[in-house]
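Engineer: Dropping the sequence and predicted coords here.
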Amino acid sequence: SLWTLALLVVGVAGTSSCDRTAPLAKNLSAFFDTVNATLTELSRNLALAGWAVNTNWNPESAESAFRARQRYDDSFSILQQQASAAYTRVADPCPDTSRKLELLKMGAALPLNKTARDETALLADEMQVVYANVTACGPFIDGVDRSVCLHMDADGDLPGLQDIMASSRNETVLRDAWTAWHDTVGPAIKPLFTKFVHVSNIGAHDHGFADAGDFWRQQYQSTGFKNVVADLYTKVAPLYADLQCYVRGRLAATYGDSAATASGLIPAHLLGDMMAANWQAIYDLVQPYQGPSGQALDLTAALQEQNYTVTKMGKLAESFYSSLGFPALPDAFWQESVLARPADRDVLCQPSAWDMGGDDYRLLMCGAVQARDYNTVHRLLGQVHYFREYSPQSALFRQPANPAVLDAVGDAILLSALTPGYLSTVGLAPPGPPGPHAPPAARRAQASAGRTARALRIGPPATAAPQTQGAVSNMMLLALDVVASLPFNYLTDEWRWGVFHAGSDSAAQFNSMWWTDREKYQGVSAPVTRSASDLLDAAASFQAVGAVPHAPRFLSTLLQFQLHQRLCQLSGYTGPLWNCSIYGSTKAGAALRTMLAKGASQTWTRTLQDFGIDGFNSSALLEYFQPLSAFLKEKNQGATCGWATGASVASQQFQDDSAFSTSDLEIAAGMFVASVVVGIVMLVRQYRQRKAAGGVGFCATGLCVARKRTRFISGSSASSDDIALLRQDEFDNGPDADDDDDAALL
């Protein structure tokens, strides 16, 4: 048994050197053979169950995923306790054994008590239930004079709230959509998140950490990690401040007093994104130059004009990796992946790459033919190839060097795939004369690119020399994603670390803490006054309240440019960093594959050093955006840049009745929806209890959850046909039940 193996490990005295024939080494080898077999099987089962619930959410798949998580956590906790005991008694095991023991110890801070451990998994599951079902309602669609209820992402013919935030230029619509979503999802998530904070801290305490934030920071094995990250942020903050100042001025020209706040804060609903973290959707309002020579590449238009599909974009991304020497993805990858939202089932659409075990890898994204998803598929394929390269490693080493490295790989490749020269090569940008700094490998790759382009019917190969104005415009478009997201990615964990430190007893302050950090770092404010106690606006993004640390996203952005810089050096490129594409450089590709193949078999610092990178730094990012930085400083001359804080929780902004259109009935309906969602979560718990007794539906107090996604209809303009309660005695649980009849309209 596992416990017997653990006793064998700790029952033998440590040795001063690695001797694989010694009793200690043999016992440790036997122990880790069991660990490898156990985790390999459990990881595969967990991945399959997780894939099922994410690609076909229903009560049964959610239950299966929860049970798979339970089994994994229980087994991992046992292995972890054994490893901790063994580590305290082993003086100097072999280096690989020492690394495995270290990874087991750091793998998770699960509560030792099984009840608390199960509660941790259940809470994470239930927060996903909320996001799978919740909608916000209001008159959000131009030309539709009635209330509509929308999910965050598009659903069938209905746009998502994110689409509204990106496309609308009506300040009232934007404010109402922002408010409806935050007022609906926040109250539904807050009680679950508060419990999650409590049980996460229990797990951290059980393993000797001060709180869950302390445990998360230990993953980077860096003394004073919090201060290290803060110092990195101070290096990039001036560039962000210049961008914020420039964008604020352009928004004031469009929205007038609605954007020109005395504090210098930008109202969060005007930035084209529900979380105000990605500003690319408002590029048309802030573009640096007018006229043909100053336009950024319209990648969405090019993709649509050439009749791309999401799969076709994926195949194009694969051709880039293939040009570097990465093996082609198996046919099963394209057959099993979900790249666009299916019409016949509910999908949790957070874009993600999946390592299913063996040689089974998949992508999940509800993509569309647009630049944003061109970026996404290039990024995710980087993760897939990372999985494939380290797949020969044992279970504990079959993971990234750290989460930031995982994200940065695909992000770095994307920088090459967005250059005008590469896009011209594959027919997605106008042709031009050869770039003077193109590496020889890239020139040799043009013939191959031509064959790829013809196979995909995407036009002739060519290269383009960037124009000065066009280069700045392209850089602005990228900065509205990369630079604009830096403070949000930084502050999300800064806030969560503070929440974990304060503990669940301080839940009444969670929202005020959130807006304090958003104002301080992002320079954005809430468009309406926010309550300090009963809301949780961070819950508008699942990433901000889920169980996955967010600091890696900040660090990966810095590392993205460091990797890009190093890959360009390896390819032989000598020009400006922003114009480099490593397409076709097998030398750069071979070095990258060697780095990825190491997985977690050594520390992340050593892995990066072997590749030629000494830790995280901001210099490569600042070098890349230097032309844009100069442009921003010039345009901001005479402007009052910077911002004051303290506006959101006690703001007077948009407070007169004529400026705020949400009616009392709509507010009450939003509160009702939030209470219904919490009820849905409780029903899921009842479902799990009742399933063993033979029930397949779950109902309580006249409300039922069925196989299809629950819709919440609210608002003063909703018709009687829109608002319906499905009574329990009308709920059809039979095997021949019609899905349309089962759909609950609340």
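Structural biologist: Right, received. Where do you want to start? Numbering: from 1, shown residues only.
Engineer: Residue 245 reaches residue 641, doesn't it?
Structural biologist: Yes. Contact status for residue 245 versus residue 641: in contact at 3.7 Å, counting by CB atoms under 8 Å. Using the backbone N, CA and C atoms, a C-beta is placed for each residue, glycine as well.
Engineer: Phi first, then psi, for residue 363.
Structural biologist: phi -120, psi 140 (degrees, to the nearest 10).
Engineer: show me the contacts for the closest residue in space to it that isn't next to it in sequence.
Structural biologist: With CB to CB, 6 or more residues apart in numbering as the criterion, residue 363 has its nearest non-adjacent residue at 4.2 Å, and that residue is residue 337. Taking CB atoms under 8 Å, 6 or more residues apart in numbering as the contact definition, residue 337 lies against 314, 362-364.
Engineer: the more surrounded of residue 245 and residue 641?
Structural biologist: residue 245 (21 against 16; other CB atoms under 10 Å).
Engineer: What distance do you get for the more buried one to residue 636?
Structural biologist: 5 Å (CB to CB, to the nearest Å).
Engineer: residues touching residue 201, list them.
Structural biologist: Residue 201 touches 211-212, 500, 503-504, counting by CB under 8 Å, 6+ apart.
Engineer: any chance of these in JSON lines, plus neighbour count and pLDDT?
Structural biologist: Putting the contacts of residue 201 into JSON lines (neighbours: other CB atoms under 10 Å; pLDDT from 0 to 100) gives the following:
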{"residue": "211", "neighbour count": "19", "pLDDT": "93"}
{"residue": "212", "neighbour count": "27", "pLDDT": "91"}
{"residue": "500", "neighbour count": "23", "pLDDT": "95"}
{"residue": "503", "neighbour count": "14", "pLDDT": "95"}
{"residue": "504", "neighbour count": "17", "pLDDT": "93"}
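Engineer: Let me know the closest of those residues to residue 205.
Structural biologist: Of all the contacts of residue 201, residue 211 has the smallest distance to residue 205: 7.6 Å, by CB to CB.
Engineer: how far away is that closest one from residue 152?
Structural biologist: 30 Å.
Engineer: try residue 510
Structural biologist: Counting by CB to CB - residue 510 and residue 152 are separated by 21 Å.
Engineer: ditto for residue 284
Structural biologist: From residue 284 to residue 152 the distance is 23 Å (CB to CB).
Engineer: Please apply the same query to residue 593.
Structural biologist: 36 Å.
Engineer: Give the residue from those two that has the larger number of neighbours.
Structural biologist: Neighbours of residue 593 and residue 152, each counted by other CB under 10 Å, are more numerous for residue 152; the result is 22 against 18.
Engineer: The more buried one - that's part of a strand, no?
Structural biologist: No. If the criterion is DSSP: H, G, I helix; E, B strand; the rest coil, then residue 152 is coil and not within a strand.
Engineer: quick one: contacts for it?
Structural biologist: 131, 160-162, 181, 274.
Engineer: again with residue 310
Structural biologist: Counting by CB under 8 Å, 6+ apart, residue 310 has contacts 339-340, 365, 367-369, 373, 377.
Engineer: Tell me, please, where in this protein the pLDDT is lower than the cut-off.
Structural biologist: Residues of the chain that meet the criterion pLDDT under 70 lie in 1-17, 20, 86-93, 142-145, 155-156, 432-467, 647-746.
Engineer: how far away is the spatially most central residue of it from residue 293?
Structural biologist: In the chain, the centroid-proximal residue (CA atoms, centre = their mean) is residue 543; its distance is 6.2 Å. Distance of residue 543 to residue 293, given as CB to CB: 38 Å.
Engineer: And residue 345, by the same measure?
Structural biologist: For residue 345, the distance to residue 293 - CB to CB - is 47 Å.
Engineer: My read is that residue 214 contacts residue 203, right?
Structural biologist: No. Residue 214 sits out of contact with residue 203 when judged by CB under 8 Å, with a separation of 11.5 Å.
Engineer: Show me what the strand or helix carrying residue 605 is packed against.
Structural biologist: Following DSSP states H and E, one finds residue 605 within helix 604-611. With contacts taken as 3 or more CB pairs under 8 Å, 6 or more residues apart in numbering; DSSP states H and E, helix 604-611 sits against helix 403-417, helix 586-597.
Engineer: Report how many residues lie close to residue 395.
Structural biologist: 19.
Engineer: host element of it?
Structural biologist: Residue 395 belongs to no helix or strand, assigned by DSSP H and E.
Engineer: wait, it sits on residue 41?
Structural biologist: No. Using CB under 8 Å, residue 395 is not in contact with residue 41; the gap is 9.3 Å.
Engineer: which secondary structure element contains residue 276?
Structural biologist: Going by DSSP H and E, residue 276 is not in any helix or strand.
Engineer: got the phi/psi numbers for it?
Structural biologist: The phi/psi pair for residue 276 (degrees, to the nearest 10) is phi 60, psi 30.
Engineer: Identify the residues contacting residue 360.
Structural biologist: Per CB under 8 Å, 6+ apart, neighbours of residue 360: 332, 336.
Engineer: hey, what's it bridged with?
Structural biologist: Beta-bridge partners for residue 360, by DSSP bridges, are residue 357.
Engineer: quick thing: my sequence starts at 51, can you match it?
Structural biologist: Fine by me, first position is 51 from now on; the one you just mentioned is residue 410.
Engineer: how much space between it and residue 379?
Structural biologist: 11 Å.
Engineer: And residue 145, by the same measure?
Structural biologist: 33 Å.
Engineer: Name the nearest of the contacts of residue 202 relative to residue 403.
Structural biologist: Using CB to CB, the contacts of residue 202 come closest to residue 403 at residue 181, 19.5 Å.
Engineer: what number of residues lie near the closest residue to the closest one other than its chain neighbours?
Structural biologist: Excluding the flanking residues, the one nearest residue 181 by CB to CB, 6+ apart is residue 592, at 5.3 Å. Neighbourhood size, residue 592 [other CB under 10 Å]: 18.
Engineer: Sweet, I'm off.
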